[in-house]
Structures are given as C-alpha cells and as structure tokens.
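S.K.: 3D, please:
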Amino acid sequence: MTGLPDLNDDVLDKLGRSYGAKFVKELIGLFLEHVPKNISAAVSAEKAGDLVAVARAAHSVKSSAGNIGAEALLEIAGEIEKLASQGRTESLSPLMRRLESAFSRLGTRLELRKNKVD
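M.R.: Here you go, the predicted model:
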C-alpha cells in the first residue's frame, strides 16, 4: 500500500465548484470507462515484454488519476512508468497487481460518488 488515499476528495470538490456537478459526473464516467482499458493494456504489455507499451499505458493511467485526485493510483502508475522506461522488469508484476487492486477500490468509491450527483 502506498500510504496515500485512494481518492483526494478535495480535487473533485474543487472541480465541482469551478465547473459544476455535471462536469464532475462526466469526468468520473470517462475515468471509469478509459482507465480500466489502460490498466489492461499495461498488464498485457507487461506479459508480452513490451516495456514501451507498459510505460505508455501507465502514463495514461497516471495522468487520468492526477486529474481526479486518485493519489494512490497516480503513485503506483508513476512507479510502473518509471520502471518500464528504465527497462527494469523485476518489480512490474507485483506493481500491476497493486494497480489493479487500487483501481478496484477506487472504482467502487467513484461509482458511489457519481451516482450521488444529479
């Protein structure tokens, strides 16, 4: 575990104040639609030994996580991106499992938040 929160609610709260609840709901929806695809791409690329694709997919996850305040996911994806970019494979598999687990926890929380917004 990273020690960071799965979600820094302040980020989405600030976005809501600036752009409205509908924007936040759409942002969460896009996050929940696209991030699992990027995580899956990273896992598949890691299994195939394609570190460039791992780094690219992890970068996408990291960027998306930063946009909504998903701090733990951002940290894990950043570490995966760094290791893959350096050609270091020794820790990638456990980090991939942590990434999937962090998203699973976060996804549930975001679904609840998205469903509250009307």
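S.K.: low pLDDT regions in the chain?
M.R.: 1-3, 117-118 (pLDDT under 70).
S.K.: which residue ranges form the helices in this protein?
M.R.: 9-19, 21-48, 51-68, 71-85, 92-116 (DSSP state H).
S.K.: would JSON lines of these with mean neighbour count be doable?
M.R.: No exception for glycine: its C-beta is placed from N, CA and C like everyone else's. Shown next, in JSON lines, are the helices of the chain (neighbours: other C-beta atoms under 10 Å):
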{"stretch": "helix 9-19", "mean neighbour count": "14"}
{"stretch": "helix 21-48", "mean neighbour count": "17"}
{"stretch": "helix 51-68", "mean neighbour count": "20"}
{"stretch": "helix 71-85", "mean neighbour count": "22"}
{"stretch": "helix 92-116", "mean neighbour count": "16"}
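S.K.: what about the nearest residue to residue 91 once chain neighbours are set aside, distance to residue 42?
M.R.: Setting aside the residues directly before and after it, residue 91 is nearest to residue 83 in space (C-beta to C-beta, 6 or more residues apart in numbering), at 6.0 Å. Distance of residue 83 to residue 42, computed by C-beta to C-beta, to the nearest Å: 11 Å.
S.K.: spit out the contact partners of the closest residue to residue 110 other than its chain neighbours.
M.R.: Leaving aside its chain neighbours, residue 110 sits nearest to residue 28 (5.0 Å; criterion: C-beta to C-beta, 6+ apart). Applying C-beta atoms under 8 Å, 6 or more residues apart in numbering, we find residue 28 in contact with 12, 68, 110, 113, 114.
S.K.: determine which two of the residues you listed are furthest apart.
M.R.: Maximum pairwise distance in those, criterion C-beta to C-beta, is 10.9 Å, between 68 and 114.
S.K.: picking up where we left off before, the residue nearest to residue 91 touches residue 95, doesn't it?
M.R.: Yes. Here residue 83 reaches residue 95: they are 7.2 Å apart, a contact under C-beta atoms under 8 Å.
S.K.: excluding chain neighbours, what is closest to residue 68?
M.R.: Per C-beta to C-beta, 6+ apart, closest to residue 68 is residue 31, 5.6 Å.
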